[in-house]
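[1] mind looking at a prediction? Sequence and model below.
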Amino acid sequence: MADTAQRLTEDLKNAMRAKDSMALNTLRAVKSAVKNAAIEKGGADAVLDEGEIVGIIRKQIKQRRESMDQFNKAGRSELAQKEESEIALLEQYLPSPLSPAEIDEFVNAAIAECNASSRADMGKVMKLLQDKTAGRADGKALSQAVMQHLA
């Protein structure tokens, strides 16, 4: 089992002991999403790798950000604050993000490895980059960097 999955399980147990309902509900939702993704991947006994788990956590954060925006637009600041605290909790499980300089290094290496010369090769470069960065960089930031280098 991946380190993040074990950490989620331990933190879930700790939240139960501490009777921290916000952390408990948030971690249960993430564990459920991880389990559902594992079942989709290969049945009840399937195990996800670290990158897949980080991807699920990123997706959960994105959903909460969207909800937070909707709550703010509707004037429901108490619900927006709840979403914000859940985001802060989930961000603790993400690996440290890459700096722009590190992203440039990865992009240059991926372009060289794929022998990419034009934007037509962007798909190959992006696939390689996403494998190498393993959830440490946003896909949008990666694609913008690739476009700049291939322009």
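    Received, thanks.
[2] for the residue nearest the centre of the chain, what is the enclosing helix or strand?
    Nearest to the geometric centre of the chain sits R58, at 2.5 Å (Cα atoms, centre = their mean). Using DSSP states H and E, R58 falls within helix 50-73.
[3] quick check: what element follows that helix along the chain?
    helix 77-91.
[4] residues of that following helix that come out buried?
    Judged by neighbour count (16 or more other Cβ atoms under 10 Å), helix 77-91 contains these buried residues: A80, K82, E83, E84, E86, I87, L89, L90. To be clear about C-beta, it is placed using only N, CA and C from the backbone, and glycine gets the same treatment.
[5] now do the fifth one against D104, distance only.
    If I follow you right, that is E86. E86 is 32 Å from D104, where distance means Cβ to Cβ, to the nearest Å.
[6] for the last one, same thing?
    Spatial separation of L90 from D104 under the definition Cβ to Cβ is 28 Å.
[7] try the third one
    Summarising the geometry, the distance separating E83 from D104, computed by Cβ to Cβ, is 33 Å.
[8] what number of residues lie near A151?
    7 (other Cβ atoms under 10 Å).
[9] give me the three-state assignment for S117.
    Secondary structure for S117, judged by DSSP: H, G, I helix; E, B strand; the rest coil, is coil.
[10] which one is it nearest to, not counting chain neighbours?
    L150 (7.6 Å; Cβ to Cβ, 6 or more residues apart in numbering).
[11] show me the contacts for the one you found.
    I111, A116, S117, S118, R119, D121, M122, V125 (Cβ atoms under 8 Å, 6 or more residues apart in numbering).
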